[in-house]
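*Asks:* Any chance you can model this:
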Amino acid sequence: MQSLLNLAFPPQCVSCGALVRESFGLCGVCWRETPFVTGLVCEQCGVPLPGEAGPDASESCDDCLTIARPWKRGRAALLYKDNARRLVLALKHGDRLDLVRPAARWMAGVTGPCLEPDSVIVPVPAHYWRLVRRRYNQAAALGLTLARMTGRPCMPDLLMRVRRTRIQDGMSREDRFRNLADAIRPGKQAAKRLAGRPVLLVDDVMTSGATLAAATEAAHAAGAERVCIVVLARVAKDD
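*Replies:* Here you go, the predicted model:
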């Protein structure tokens, strides 16, 4: 049956539409133009670092040495530039929910150090009015698919964004943190469902970390034992 479907609807690259061997993948050209995160990375945010990764390597980037991160460790699948940026924007603003499956697969490939046997996957919440405008929360879509791939439970309603925040594009780091202050809180049943369990927070992009910090603090307020983060893409400073 799958062979017949492939004949009728040949698999296409999720980025450029070129024919590929398997559905929900990238062609060779787009793969080379997509900056996947590999090698030695920052333990807190997953950004690539110079040097070689070893079994006991635990390094931090300049940002994470400067800013106290409330979570334990973090990972990112992609750098937010080039084709990765185009893919993230297509998912976020272009109704490209077909990108969720490959994106979650890439995220699953880097979550190893952040995922425990009893971890709960919690997407960063979107405000009600943003959901009305976009019709979906891309972080929740990624979290639900990542949960299916890793066999962990996903609780997309565990946290709430209780205040409508301004779009953060162009804001300074300090303004981003002020913008998110007290904007995310635990849901009504969060303490009952979360107490004592480790959490893996999921979001599409990390820039300053303000949104993930607010979500982490809300998870801790609900009784989470440990919080780790994973994002599809990490914004990194140019060399």
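*Asks:* ranges for the helices of this protein?
*Replies:* 2-8, 28-32, 62-66, 82-93, 100-108, 128-134, 138-150, 173-180, 190-194, 210-221 (DSSP state H).
*Asks:* What's the mean pLDDT across the last one?
*Replies:* If I follow you right, that is helix 210-221. Mean pLDDT, helix 210-221: 96.
*Asks:* ok, residues contacting it?
*Replies:* 69-71, 74, 122, 124-125, 158-159, 168, 173, 176-177, 179-186, 190, 194, 199, 201, 203, 206, 227, 229, 231 (C-beta atoms under 8 Å, 6 or more residues apart in numbering). In short, each C-beta sits where N, CA and C put it, glycine included.
*Asks:* ok, Asp82 - contacts?
*Replies:* With contacts defined as C-beta under 8 Å, 6+ apart, Asp82 is in contact with Glu33, Thr34, Pro35.
*Asks:* what about it, distance to Pro117?
*Replies:* When distance is defined by C-beta to C-beta, to the nearest Å, Asp82 is 36 Å away from Pro117.
*Asks:* try Arg69
*Replies:* Per C-beta to C-beta, Arg69 is found 23 Å from Pro117.
*Asks:* More neighbours: which of those two?
*Replies:* Arg69 (21 against 7; other C-beta atoms under 10 Å).
*Asks:* where does the more buried one land on pLDDT?
*Replies:* pLDDT recorded at Arg69 is 96.
*Asks:* what's it sitting at in phi/psi?
*Replies:* With angles defined as degrees, to the nearest 10, Arg69 shows backbone torsions of phi -90, psi 130.
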